[in-house]
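>>> Dropping the sequence and predicted coords here.
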Amino acid sequence: MPRVCAFTGRRTSIGCTYTHRGKAKYLGGVGTKVTGKTKRRFRPNIQTVTAVIDGSVQRVKASAKAIRMGLVIKPLKRRYAYKPQKPASETPAG
């Protein structure tokens, strides 16, 4: 599975690490120069959690920010707390 949040869509993004040489102007130097750029990855804090999605319990990948925001609804700890649902054919119409 890819490293993608199921709720916010956060995924690994790319950037660069810059290597500098020289002394900053405000410190009395002539300024810094970039001597190298290296690719790097910014990885989101993805957690595998058990969540209720469309009434069923599933294990999904969610970012820590989505969990903190309350987007992830976690199931109840005990199964007897769920009420058994009757099929549509047994319920009286009306």
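Perfect, thanks for sending it.
>>> any weak-confidence spans in the chain?
The chain contains residues with pLDDT under 70 at 1, 79-94.
>>> Leaving out the residues flanking it, which one is nearest to the residue positioned nearest the centre of it?
In the chain, the residue lying closest to the centroid (CA atoms, centre = their mean) is residue 63, at 1.8 Å. Of all residues not flanking residue 63 in the chain, residue 5 sits nearest, at 3.9 Å (CB to CB, 6 or more residues apart in numbering). All C-beta atoms are positioned from the backbone trio N, CA, C, and that covers glycine.
>>> Identify the residues contacting the one you found.
Residues in contact with residue 5 (CB atoms under 8 Å, 6 or more residues apart in numbering) are 11, 44, 46, 61-63, 66.
>>> buried subset of those residues?
Among those, those classed as buried by 16 or more other CB atoms under 10 Å are 44, 46, 61-63, 66.
>>> What about the residues you listed, which are in strands?
If you go by DSSP state E, the buried ones among the contacts of residue 5 have 46, 61-63 in strands.
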